[in-house]
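> I'd like to go over a predicted model; first the sequence, then the structure.
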Amino acid sequence: MAAAATPSRPSTLVAKLTERAGTWTHVSLAPHSDRAVAFKLDDATIGVLHHDGLLEVPVPMPVRTVLVEEGLASPHDARPGTNWVAAHLRSEDDVDPTALLLRLSYLYRRLLRSQDAATLRRIRTEVAQYGLPDALNTIYDTMLAKRVDATASPLPGLSSSSLNP
């Protein structure tokens, strides 16, 4: 029997992702339209998860481009031409990749808001562990290097000059 034949399946998957992301530092859950939940990092929306398993995630345009090109997310049909991507929770196999999309949005917002070198180091370490496509690693390394330059507190192994061969 196919997983789609089980009516409660999407709600189980939605609950798993909601529970996982709800434990992230500074993340809160807020009601959204049509039985959806918005994941908020302080006041910024990092994603919206609908009861049917559709996850909508805002990411910077360069990240969006790579996610779509690599098949890790789809362009958002309801928001064409924007920096939002979409993914669907249809089976248990979708939970980890969908959570990663939400996590990438979370990490991007965290690094934009952080002035703390230790937090930036943790973000760099975490992004490196995911085995992302090289283009995504380069984007996050570049964003982190800009934050390091802005905070004038160098991170070991990460500087603007280390990004240029």
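Great, that's in hand.
> Do a quick rundown of the helices in this structure.
For the chain, the helices defined by DSSP state H occupy 9-21, 61-69, 95-113, 117-129, 134-151.
> Burial-wise, tell me which of those comes out on top.
Here the criterion is mean neighbour count by mean count of other CB atoms under 10 Å, and of the helices of the chain the winner is helix 95-113, at a mean of 20. From N, CA and C alone the C-beta is placed, and that goes for glycine too.
> chain center to it, what's the gap?
2 Å (CA atoms, centre = their mean, to the nearest Å).
> what does stretch 95-114 give?
Per CA atoms, centre = their mean, the centroid offset for stretch 95-114 relative to its chain is 3 Å.
> got it, and stretch 103-122?
Using CA atoms, centre = their mean, the offset of stretch 103-122 from its chain centre is 12 Å.
> ok, now stretch 30-41?
16 Å.
> sorry, back to before: nearest to A44, out of the helices of the chain?
helix 95-113 (5.2 Å; CB to CB).
> Direction-wise, compare that closest one with helix 9-21 and give the angle.
Per axes from the mean of the first three to the mean of the last three CA atoms, to 10 degrees, the angle that helix 95-113 makes with helix 9-21 is 40 degrees.
> just checking, what packs against helix 95-113?
helix 9-21, strand 36-41, strand 44-49, strand 54-58, helix 61-69, strand 84-88, helix 117-129, helix 134-151 (3 or more CB pairs under 8 Å, 6 or more residues apart in numbering; DSSP states H and E).
> So which residues make contact with the fifth one?
Contacts of helix 61-69 with the rest of the structure, by CB atoms under 8 Å, 6 or more residues apart in numbering, involve 59, 72-75, 83-85, 101, 104, 108, 133, 135-136, 139.
> 10 Å - rerun?
57-59, 72-76, 81-87, 100-101, 104-105, 108, 132-140, 142-143 (CB atoms under 10 Å, 6 or more residues apart in numbering).
> Check the first one too.
The set of residues external to helix 9-21 that reach it, using CB under 10 Å, 6+ apart, is 2-4, 6, 8, 27, 29, 35-37, 39, 46-47, 49-55, 88-92, 94-96, 98-99, 102-103, 105-106.
> try 6 Å
3, 37, 39, 49, 52-53, 89, 95, 99, 102 (CB atoms under 6 Å, 6 or more residues apart in numbering).
> mind listing what the residue nearest to H32 when sequence neighbours are not counted touches?
Leaving aside its sequence neighbours, H32 sits nearest to A38 (CB to CB, 6 or more residues apart in numbering; 4.3 Å). By CB under 6 Å, 6+ apart, A38 lies in contact with 30, 32, 45, 48.
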